[in-house]
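Chemist: how would this look folded up:
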Amino acid sequence: MLRSDIIKKGLERVPHRTLLYATGIPRSEMEKPFIGVATSFTDIIPGHIGMRDLERFIEKGIHAGGGYPFFFGIPGICDGIAMGHSGMHYSLPSRELIADMVETVAEAHQFDGLVLLTNCDKITPGMLMAAGRINIPTIIVTAGPMHSGHLKGKRLSLVNDTFEAVGKYKKGMINDKELQSLEMCACPGAGSCQGMYTANTMACVTEALGMSLPYCATALAIDSEKRRIAFESGRRIVELVKKNITPRKIMTRKAFENAIMVDMALGGSTNTVLHIPAIAREAGVKLPLEVFDEISRKTPHIANMLPGGVHYMEDLHHAGGIPAVLKRLRKDINNCSTVSGLRTHRIAEQAEIYDEEVIRPLNRAHHPEGGIAILRGNLASDGAVVKQSAVSEKMMCFEGTARVFDSEEAAMKAILAGKIKPGDVVVIRYEGPKGGPGMREMLSPTATIAGMGLSESVALITDGRFSGGTRGPCIGHISPEAMEGGSIAIVKDGDRIRIDIPSRSIELLVSEDEIKERLSGWSPPEPKIKKGYLARYARMVSSAASGAVME
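Modeler: The predicted model follows:
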């Protein structure tokens, strides 16, 4: 019996069948599995503009597999375009809307299975959250990375060559003509931005988790290989329906450990520390923050990817993709089921590593530990997150003077005005899940600091979060956040702050009595946004330490 029989079989379903026939479905197709295809196509996100093509191949695959597809739309936000202004308030909250929308449409129409076509930052985790929640056979298709840009024989990427160019321009390191050339050439077309930023990190996590077909994460958006993966995903979902292979059978605790391990080996975005626990929660898996640090400590960083490194997503794909990374990590990878029908050990065994520099052997790892570290201390009793693989050795331990700002805009103004000096710790607060609201990414200030040549002498800490494109000593997700009365709320200009990444600590160098006295006189400020979805979100969202989920 199919799940969709509830809307298409029996005398009382005459009206339902009438409406289905109104869509154009032939009578001969009514007995087949109904497959919902959630597409996040949009004209404004580069990572999504090529999806119309992939939709066709998913549709062909579903028909070839013996199913009947029904497409429905899911919205998306381009974090790069939303960055640095009020639009970024909506980025993380959109993740919850996406999960709710997929759930709503799938449950209302009783689809037998789902293909979720996604690519960029919050859309992929939102889709995965829905998959875990609904728990009907589901396969994810990530639309693929963008090709590198090219200018005068040099390869380009969005973050390193446009966001950081702002700081270089302010310092007089590049002129107007060079800036305009970078604008035009850094992003040549369709696909998610070219480095191990959040979109591509989440695509790699999705494949390592077992929810997309092998090579889906790294196959370029413009390549015909991506079309073939889309086709096979469409065909495969029908088989998953027939065998009743549901997401919770794939997304187990051991599968999440695999995903985190691959993330650490690649030096992925700190945003995974928000998204993976949120997805696990929907799949019924407990995944405390400590798991990230435990896995990071034992997983070597073997792929030196942008923004902190030199390799692009195209390099990773040509080196063997995620299957090749699994092959490198084979002795520690759990042998889990995947949507492909192959278990992870089999995928690793079949893989080949074509470039020993892009995916290094464990004994030649770039760092002995993985990409992310979880810090704690009197500034972050519930934890904070740093991409340690993008921090220079010189800045792994740093003590500096606090320069405090109550918003990203205020901090950005001071940075561009040249008021941040070597030895400073920029503190940006009231930007957490509740205080922001929406926990905005801080790519503009971090990239400008890097572009101005200060990433070796200035640290930045925030209860907000960072783009996957951030590099340097930038500590985010400080919990409890300022709006909840965390210690970051009472930091003053001139305070000393010590960051020790190897020891996993972040401390405000003020006595415990002084901290208590300051907190006793603290009261939360007025909410920045008092109406609409963001006001509701701020009232319901949990701490970043638990994935910033709505409760």
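Chemist: just the helices in the stretch 301-450 of the chain please.
Modeler: Assigned by DSSP state H, counting those that start in this stretch, the helices in the stretch 301-450 of the chain fall at 313-318, 321-328, 344-350, 408-416, 443-451.
Chemist: oh, that last question was meant for the stretch 101-250 of the chain, not what I typed.
Modeler: Here the stretch 101-250 of the chain has its helices, by DSSP H, counting those that start in this stretch, at 123-134, 158, 164-170, 176-185, 198-209, 224-243, 247-250.
Chemist: cool, and the stretch 451-551 of the chain?
Modeler: Using DSSP H, counting those that start in this stretch, helices in the stretch 451-551 of the chain cover 512-520, 532-540.
Chemist: can you list those in JSON lines and add distance to residue 366, mean pLDDT and mean neighbour count?
Modeler: Every residue, glycine included, has its C-beta placed from N, CA and C. Formatted as JSON lines, the helices of the stretch 451-551 of the chain follow (distance: least, C-beta to C-beta, whole Å; pLDDT from 0 to 100; neighbours: other C-beta atoms under 10 Å):
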{"stretch": "helix 512-520", "distance to residue 366": "37", "mean pLDDT": "97", "mean neighbour count": "12"}
{"stretch": "helix 532-540", "distance to residue 366": "38", "mean pLDDT": "97", "mean neighbour count": "16"}
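Chemist: can you redo these as JSON lines with distance to residue 51?
Modeler: JSON lines is the format used below for these (distance: least, C-beta to C-beta, whole Å):
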{"stretch": "helix 512-520", "distance to residue 51": "49"}
{"stretch": "helix 532-540", "distance to residue 51": "25"}
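Chemist: relative to residue 431, which of those is closest?
Modeler: helix 532-540 (12.1 Å; C-beta to C-beta).
Chemist: next one: that closest one to chain centre, how far?
Modeler: For helix 532-540, the separation from the chain centroid amounts to 22 Å (computed by C-alpha atoms, centre = their mean, to the nearest Å).
Chemist: for it, packing partners?
Modeler: helix 91-109 (3 or more C-beta pairs under 8 Å, 6 or more residues apart in numbering; DSSP states H and E).
Chemist: quick one: the helix it packs on to chain centroid distance?
Modeler: 17 Å.
Chemist: any idea of the mean pLDDT for it?
Modeler: In this model, helix 91-109 has an average pLDDT of 98.
Chemist: what residues sit buried inside that helix?
Modeler: Buried positions in helix 91-109, judged by neighbour count with 16 or more other C-beta atoms under 10 Å: 91-99, 101-103, 105-106, 109.
Chemist: and which of these is nearest residue 5?
Modeler: residue 109 (12.6 Å).
Chemist: return the most buried member of the helices of the stretch 301-450 of the chain.
Modeler: By mean neighbour count, with neighbours taken as mean count of other C-beta atoms under 10 Å, helix 443-451 ranks first of those at a mean of 27.
Chemist: elements contacting that one?
Modeler: Counting contacts by 3+ C-beta pairs under 8 Å, 6+ apart, helix 443-451 is packed against helix 164-170, helix 408-416, strand 424-428, strand 459-462.
Chemist: which residues of this protein fall in strands?
Modeler: 34-39, 68-73, 113-118, 138-142, 149-151, 154-156, 372-377, 380-387, 397-405, 424-428, 459-462, 474-479, 496-500, 505-508 (DSSP state E).
Chemist: strands paired with the second one, and their directions?
Modeler: Looking back up the chat, that one is strand 68-73. Paired neighbours of strand 68-73 in the sheet (DSSP bridges): strand 34-39 (parallel).
Chemist: what mean pLDDT would you report for the strand it pairs with?
Modeler: 99.
Chemist: now do that strand and strand 138-142, the angle between them.
Modeler: Taking axes from the mean of the first three to the mean of the last three C-alpha atoms, to 10 degrees, one finds strand 34-39 and strand 138-142 inclined to each other by 30 degrees.
Chemist: for residue 182, list the residues it contacts.
Modeler: 151, 156, 161, 162, 165, 174 (C-beta atoms under 8 Å, 6 or more residues apart in numbering).
Chemist: ugh, wrong one, I meant residue 451
Modeler: 163, 164, 165, 166, 167, 168, 169, 170, 171, 173.
Chemist: closest one to residue 518 out of the residues you listed, please.
Modeler: Distances from residue 518 to the contacts of residue 451, taken by C-beta to C-beta, are shortest for residue 167, at 33.0 Å.
Chemist: residue 328 versus the spatially closest residue to the closest one that is not a sequence neighbour, what's the distance?
Modeler: Using C-beta to C-beta, 6 or more residues apart in numbering and skipping residues adjacent in sequence, the residue nearest residue 167 is residue 451, 2.3 Å away. Here residue 451 is placed at a distance of 33 Å from residue 328 (C-beta to C-beta, to the nearest Å).
Chemist: please apply the same query to residue 213.
Modeler: In terms of C-beta to C-beta, residue 213 sits 20 Å off from residue 328.
Chemist: what's the closest of the helices of the stretch 301-450 of the chain to residue 84?
Modeler: The nearest among the helices of the stretch 301-450 of the chain, by C-beta to C-beta, is helix 443-451 at 3.9 Å.
Chemist: just the angle between that closest one and strand 397-405, please?
Modeler: Using the same axes, to 10 degrees: helix 443-451 against strand 397-405 is 130 degrees.
Chemist: returning to that earlier point: among the contacts of residue 182, name the buried ones.
Modeler: By 16+ other C-beta under 10 Å, those give 156, 161, 162, 165 as buried.
Chemist: from residue 513, how far out is the last one?
Modeler: Read it as residue 165. 46 Å.
Chemist: same deal with the third one?
Modeler: Applying C-beta to C-beta, one obtains 47 Å for the distance of residue 162 from residue 513.
Chemist: what of the first one?
Modeler: Counting by C-beta to C-beta, the separation of residue 156 from residue 513 is 52 Å.
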